[in-house]
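Visitor: Mind looking at a prediction? Sequence and model below.
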Amino acid sequence: MKLAAVLLLTLVAGCSNTQPTADPSPQETIMAPTTDVASEDVQFEAAGMTVFGTLTRPTAPGRYPGVAIAAGSGPTDRDWRNPIIPGPNGSASLLADALARAGVVVLRYDKRGTGQTGMPPAAIKWGDYAAELSAAVRVLAASEHVDPSAVYVAGHSEGGAHALRVAANSVVPIAGLILLSTSGRTLRDIVLWQISNQISGALDPAAAKLEIDALTLALDDIAAGKPRDARTVGTLPGVQQFVMALQNPQSVGFARGLLTFDPLAAFASFEGPVLVLNGDRDVQVDPELDARPLAAASEAAGHETTLVIVATADHVLKVEDTPKDQLTAAIGAPYNDAGRVLAPEVPAAIAAFVTTRD
């Protein structure tokens, strides 16, 4: 059995049957363009590497709220493009443009191993991606176009884990945290959930249980620093390839940290408002199993919390017309096809969150 490429992309770096919901709020207003925008190249040092990025801003004079965005898993660059899911139409570039037109400055960047930044000479560590995002926040706060009291940190998918960590440890005061399509579970748990969804119906229940049990043991061993022979982890080639990728010497230290990072526990470590935003047609992160628990944990930690679930948005926050009960992980293959558009509620929600704070 071959697992969908979109699943493997999410892992390396299912759908609920409930009706689509969106919390009623001003964020649902569709934004109209309000200003011209400009983009400029930036570069900065982080964890021993030069990181390259793009600052997108309104052209009108003034100081605006600023958002630094960390991309998701795998070889995903500043525009949310990667060689596994083809297409030039990356959501992050669309999002940056829409937010700049609404009066927000956006800094996005190529994390190590992607785009212009390239691969590091040494193994990637768990702290490296947080160091990149922290450096991006400092660059953003220093921009003449940004109000330094209104600097926000955002992360998409896996990037949300790094945003949570940076919000708790930033030298620059963080005005708020934005979690986009971010898992509310450890990587271990979401991997098991995704693969269970993939093999459900394709294997009989007993065979599926054997595969999941074997993978569970392998993930626990890897997280504990015990190497595993990928060929002995079940019978599914896609799962075996994933287990092998997790133990790549270049990234195994990072993988161990991500496997056990608990996003729900991280809210206690920082102060400030939180926006949790998810598409209801996301087949990689579930709004009921991830977004709502994230929002609940944020509220329990005492944060002013906004939860937005966009009825027709997919994992990369674009409009997905396929009915929810027909969605599968394979739907992600055309994420970046030409002509696909960002769900307008997404930049509207973010702009409302960062421009309406006292």
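Guide: Okay, I see it.

Visitor: residue ranges of the helices in the stretch 1-150 of the chain, please?
Guide: 5-12, 91-101, 126-142 (DSSP state H, counting those that start in this stretch).

Visitor: Please spell out which residues along the longest one are buried.
Guide: Which is helix 126-142. The neighbour-count check on helix 126-142 (16 or more other C-beta atoms under 10 Å) flags 126-141 as buried. Placement of C-beta: from N, CA and C, glycine included.

Visitor: For Asn82, state which of those is nearest.
Guide: Distances from Asn82 to those, taken as C-beta to C-beta, are shortest for Tyr129 (15.3 Å).

Visitor: residue contacts, the closest one?
Guide: 70, 111-112, 159, 162, 254 (C-beta atoms under 8 Å, 6 or more residues apart in numbering).

Visitor: Next, please give the residue ranges for the strands of this protein.
Guide: Secondary structure of the chain (DSSP state E): strands at 37-46, 49-58, 64-70, 105-110, 146-156, 176-180, 274-279, 305-310.

Visitor: rewinding a little: between the buried residues of helix 126-142, which is closest to Ile174?
Guide: Closest approach to Ile174 among the buried residues of helix 126-142 (C-beta to C-beta): Val137, at 7.3 Å.

Visitor: Let's see stretch 232-247 as PDB, backbone CA atoms only.
Guide: Written as PDB, here are the backbone C-alpha positions of stretch 232-247 (Å, rounded to 0.1, in the frame of the first residue of the first chain):
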ATOM      1  CA  THR A 232      11.000  -4.300  10.700                       C
ATOM      2  CA  VAL A 233       8.400  -1.600  11.300                       C
ATOM      3  CA  GLY A 234       5.200  -3.200   9.800                       C
ATOM      4  CA  THR A 235       4.800  -4.000   6.100                       C
ATOM      5  CA  LEU A 236       3.800  -0.600   4.500                       C
ATOM      6  CA  PRO A 237       6.600   0.900   2.400                       C
ATOM      7  CA  GLY A 238       5.500   4.400   3.100                       C
ATOM      8  CA  VAL A 239       5.600   3.900   6.800                       C
ATOM      9  CA  GLN A 240       9.000   2.300   6.600                       C
ATOM     10  CA  GLN A 241      10.300   5.200   4.500                       C
ATOM     11  CA  PHE A 242       9.000   7.600   7.100                       C
ATOM     12  CA  VAL A 243      10.700   5.700  10.000                       C
ATOM     13  CA  MET A 244      13.900   5.800   8.000                       C
ATOM     14  CA  ALA A 245      13.600   9.500   7.400                       C
ATOM     15  CA  LEU A 246      13.000  10.200  11.100                       C
ATOM     16  CA  GLN A 247      16.400   8.600  11.800                       C
END
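
Visitor: Buried residues of it, list them for me.
Guide: For stretch 232-247, by 16+ other C-beta under 10 Å, it's 233-234, 236, 238-240, 242-243, 245-247.

Visitor: check contacts around Phe270.
Guide: Contacts of Phe270 (C-beta under 8 Å, 6+ apart): 164, 167-169, 174, 177.

Visitor: of these, closest to Leu342?
Guide: Leu177 (20.8 Å).

Visitor: re earlier: go through the strands of the chain and name the closest to Pro83.
Guide: Smallest distance to Pro83 across the strands of the chain (C-beta to C-beta): 13.3 Å, for strand 105-110.

Visitor: give me every residue that touches Arg108.
Guide: Residues counted as contacts of Arg108 (C-beta under 8 Å, 6+ apart) are 53-54, 56, 68-69, 71, 78-79, 92-93, 96.

Visitor: Which of these has the largest number of neighbours?
Guide: Within the contacts of Arg108, Ala68 tops the neighbour count with 33 neighbours, counted by other C-beta atoms under 10 Å.

Visitor: Looking at strand pairing, list the partners for that residue.
Guide: Assessed by DSSP bridges, Ala68 has beta-bridge partners Leu107, Val153.

Visitor: Tell me who's in contact with it.
Guide: Shown in contact with Ala68 (C-beta under 8 Å, 6+ apart): 106-108, 133, 136-137, 139-140, 151-154.
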